Structures are given as C-alpha cells and as structure tokens.
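Colleague: here is my input, please return the structure:
(chains A and B)
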2 protein chains.
Amino acid sequence: MSIHISKGDQSKYGSRDWARIINSLSGFKSANLVGTISQKGVTNLSIVSSVVHLGANPPLLGYILRPHSESSPRHSFLNILETKAYTINHISSSFYKKAHQTSARFPMDESEFDGCGLTPEFYDGCNAPFVEESELQIGLNLVDVLEIKQNGTRLIVGEVQDIYIKSDVLAKDGYINIEALETVCVSGLDSYHTTKRLERLSYAKPHSPVKALDSEGNVEE
Amino acid sequence: MSIHISKGDQSKYGSRDWARIINSLSGFKSANLVGTISQKGVTNLSIVSSVVHLGANPPLLGYILRPHSESSPRHSFLNILETKAYTINHISSSFYKKAHQTSARFPMDESEFDGCGLTPEFYDGCNAPFVEESELQIGLNLVDVLEIKQNGTRLIVGEVQDIYIKSDVLAKDGYINIEALETVCVSGLDSYHTTKRLERLSYAKPHSPVKALDSEGNVEE
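Modeller: Okay, the predicted model is just below:
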C-alpha cells in the first residue's frame, strides 16, 4: 500500500502523531549528547539528533536548538552563552537508554549526569564536561548562533578544538570507523539503531563506475 | 590505544585526510538525494548527508549547501532559487551506489538522473523531480537561505508540501519505520550502512526509567 500525506493533512493527525511523522522524514539521525556547565558549576547534558557537519577548514559542527524562551528555557543554551564552550559526545549502544533519559525535563539546578547515571569527565583546555562513557568526544567553542525565524529554532555553530577517541579506529586516510565504536543512530523521535556497513565507495567521477574501498580507503581490486 | 587530535594538529594531516576526520565527527548522517529542475528543463540530482529536522509545525527540513560561487556553481542551488521547489528522497540499499555517483562533477546541461541511471518522477503540485527508485519522497518549497559566514556554506530551509511513501510503514502513532524501507545512513564521506533497530523508547521523565515501545508505539509490558 502506498501512502500520500500532504501538508493539508496535518489537521487529520494529533500534534504528537504529526510530530512523529515529520521527525521521521530526514532519514537516520546522528545521536549525540551535548555537555555544558553553568557559571555556578552545575553540569548539563542534552541529547541531540541534529548534529551536522558544516565544514572541515575551519572544523565546524552545527546542531539545532529548539525554541528557547524565558518560560521554556534551554539550560544548555544558557550555559553555552555563558561559557562559550560545549562538548559533543557520540552515544553508543552501551548507554543509549541513559542518553535518552536526558531528554526529561530536569530542573536547572539538577545535573542530567546525576539524574541519568552518566559520568562527567574534564580535560585541560575545555571548560565543559565530556561524557566519560562516550567513545568519541569532541570539545568545541561557540562561534555563531543563527536563528531560523520561521519557528524560532537556532543553528548553534561551533568550532572543533579537541577530539578524543577511546580506541584506534582511525584509518590511515582519516576515516573514523564509528561503527566499530558502536555509535548508534536515531529514527523518528525515539528509535535507536546500530549499523552494519555496506561498503565504502571511491570518489565519484562522471561516467566512471564507483568502486568499493577497503577499510583503510584503498580501492579493492 | 586512545587518540587525542587537537585543532592544532590539522597541519599534520593532508587536507583530504583532515576532511575525512572532521566529516566523521557528527555521527551517522542521513542519506538523501535532492532533486531539482532548471527553468530550461534540465533535471539535477545531488546527494546530501546533512538533511536535518527543523520543526513539525510548520513542517520544516534543512540541509547544508557547500559554498556556491560563479567559479564553483552549485547547480541544485541555482535551480532552487529559480523554481523555489525541490525534492528530498531517501536513499535505500538498492541504489546507494547510483546515489553516490551523483556527487561527480557533471556539467550543468547533463542530468545526474541520466548519468547515474536513476529515474525522474513527477507528481502534480510539485515542479521538481522526485526519484522513482526512492521509497520515501518529499516535496518542498524553499522558505529561507541562511549563510554560515565562517565558511560560506548555507542552510537551505524548506517547508514540506507532500510526502510519498511506497509501502505501509506508518505506525498508528505516526512513526515511520524507515528501517523497513532499507533507508541507508552514511559515515564520513563515503561509507554506507544499513541499520538494525535496538528499540523504541518511551517519552522520558525525570527519575522514571524509560521503557521499551513496541513497533506501534505502545509501552511493552
């Protein structure tokens, strides 16, 4: 059975069901925890499924922050504005349930680290807390905030300062085997998935078939 | 073996290796084809791994467009500015090699549909071509373009007009089982992956353990 849903069908669905439909459209999403700390020293963790690559030189990552207001404050955003620092930590299959729990509405003075059973880890050179359980941790400095005026969301733009990878999954051509780290991905609002690699593919050229690469980035003969 | 890479290490890596490292950081990425058509009627397909959910009401999706200039034109961007319409099409395991091939530098007057062996499909109400091979197709209207001034990339903001799903994978709570569609995800610049669901999790509340949901969104007892 084939399905057609148009924008005009929104009224046929409850708002939560509509949100689940629209949240399913982008495809599989990255699964990360954003770590911050307030000037008072309260740590914060927030699960985000919208981290996106913006560029390598300078190394920039973005993520989408839902509308922030006085009545519905985003604690992580307040912390980032205060400290200009935050971390992005890959969620792996060993702690995705704890990571999901960070989406609960904890009060500002309670750390999601404590509330969800995760461990803050601090490294020299970054004010914000990393997630010790994470196999791939990134420290960033805030460089810009762009508002999407149609719905009040914001694109948080950060520059990568430090990358910590807990095992040797860096191929000699720079590819990081995040599947070996058991990094998970998300579909919709609440579904978590592990992955199975089909293959790496060579740089594409017109009218020349793409070739499979081995794990180190060499063309397989 | 644990690895620390700092921003200052960039000069130790070649620019392509550095790009592979940074492109691996965001986690798993969505895999979509953006379909457009020029006013002259030449269709265009472009693989993007940066489609991101922006909001459900109104239904907005974003994606990141790499720097566009006269010397390095983004044909899809020119088409979107001309027609204000584009499509986003999930890439599934049955045609990911053809989809990867669309990243080759085809001339403006040659369609990637022809060059890569994919089939344009047109529906009433949308000027832009969909990808017939795709199991989940979305028609959008352009609503905004935000420039990330640090590197000249742009966030293309579009409003969903129509959704076409080729089989009945819509749960009664609105969740779309994109794993059943064999939608793939991407890591780094060139690695394609299928997925295996761990589970769906219930809406999180503080100090209350999250529960598994069945495929229809009911709490499993």
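Colleague: who are the contact partners of A:Gly188?
Modeller: When contacts are counted by CB atoms under 8 Å, 6 or more residues apart in numbering or on different chains, A:Gly188 touches A:20, A:23-24, B:175-176, B:178, B:200. Yep, even glycine has a C-beta here, placed from its N, CA and C like the rest.
Colleague: now do the phi/psi pair for it.
Modeller: phi 60, psi -150 (degrees, to the nearest 10).
Colleague: same question for A:Asp9.
Modeller: phi -80, psi 0.
Colleague: cool, and the one 3 residues further on?
Modeller: Main-chain torsions, A:Lys12, degrees, to the nearest 10: phi -80, psi -20.
Colleague: can you pull out the low-pLDDT segments for chain A?
Modeller: For chain A, applying pLDDT under 70 flags the ranges A:221.
Colleague: next one: A:Ser38 relative to B:Asp168, how far apart?
Modeller: 47 Å (CB to CB, to the nearest Å).
Colleague: with A:Gln39 instead?
Modeller: From A:Gln39 across to B:Asp168, the span is 52 Å (CB to CB).
Colleague: next: A:Glu216.
Modeller: The gap separating A:Glu216 from B:Asp168 is 42 Å, by CB to CB.
Colleague: contact partners for A:Val219?
Modeller: Applying CB under 8 Å, 6+ apart, the residues near A:Val219 are A:202, A:211-213.
Colleague: and of the residues you listed, the nearest to A:Phe130?
Modeller: Within the contacts of A:Val219, the smallest distance to A:Phe130 is 31.1 Å, found for A:Leu213 (CB to CB).
Colleague: so that closest one bridges to which residues?
Modeller: On the basis of DSSP bridges, A:Leu213 takes part in beta bridges with A:Arg200, A:Val219.
Colleague: state the phi and psi torsions of A:Lys84.
Modeller: Dihedral angles (degrees, to the nearest 10) for A:Lys84: phi 60, psi 10.
Colleague: do the same with A:Tyr63
Modeller: phi -150, psi 160.
Colleague: count the residues that sit near it.
Modeller: When neighbours are defined as other CB atoms under 10 Å in any protein chain shown, A:Tyr63 has 25 of them.
Colleague: just A:Ile176 next, same as before
Modeller: A:Ile176: 26 neighbours (other CB under 10 Å).
Colleague: tell me the contacts of the residue nearest to it when sequence neighbours are not counted?
Modeller: Once flanking residues are discounted, A:Ile176 sits nearest to B:Ser24: 3.6 Å by CB to CB, 6 or more residues apart in numbering or on different chains. Applying CB under 8 Å, 6+ apart to B:Ser24 gives the contacts A:174-176, A:178, B:187-188.
Colleague: rewinding a little: write the ChimeraX selection for whichever of the contacts of A:Val219 are buried.
Modeller: Burial among the contacts of A:Val219 is assessed by 16 or more other CB atoms under 10 Å in any protein chain shown; the matching ChimeraX selection reads:
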select /A:202,213
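Colleague: would you list the contacts of A:Val219 in CSV and tack on distance to B:Glu147?
Modeller: Below are these laid out as CSV (distance: CB to CB, whole Å):
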residue, distance to B:Glu147
A:Ser202, 32
A:Lys211, 36
A:Ala212, 37
A:Leu213, 33
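Colleague: can you show me the helices along chain A?
Modeller: Along chain A, counting by DSSP state H, helices occupy A:15-23, A:75-83, A:96-101, A:112-116.
Colleague: right, so of these, which gets closest to B:Asp114?
Modeller: Of all the helices of chain A, helix A:15-23 comes closest under CB to CB, at 32.3 Å.
Colleague: which strands and helices sit next to the closest one?
Modeller: Packing partners of helix A:15-23 (3 or more CB pairs under 8 Å, 6 or more residues apart in numbering or on different chains; DSSP states H and E): strand B:52-56.
Colleague: still on that earlier bit, ok, A:Ser38 and B:Asp168, which is more surrounded?
Modeller: A:Ser38 (17 against 11).
Colleague: name the nearest residue to the more buried one, ignoring sequence neighbours.
Modeller: Closest residue in space to A:Ser38, ignoring its immediate chain neighbours: A:Asn79 at 5.0 Å, by CB to CB, 6+ apart.
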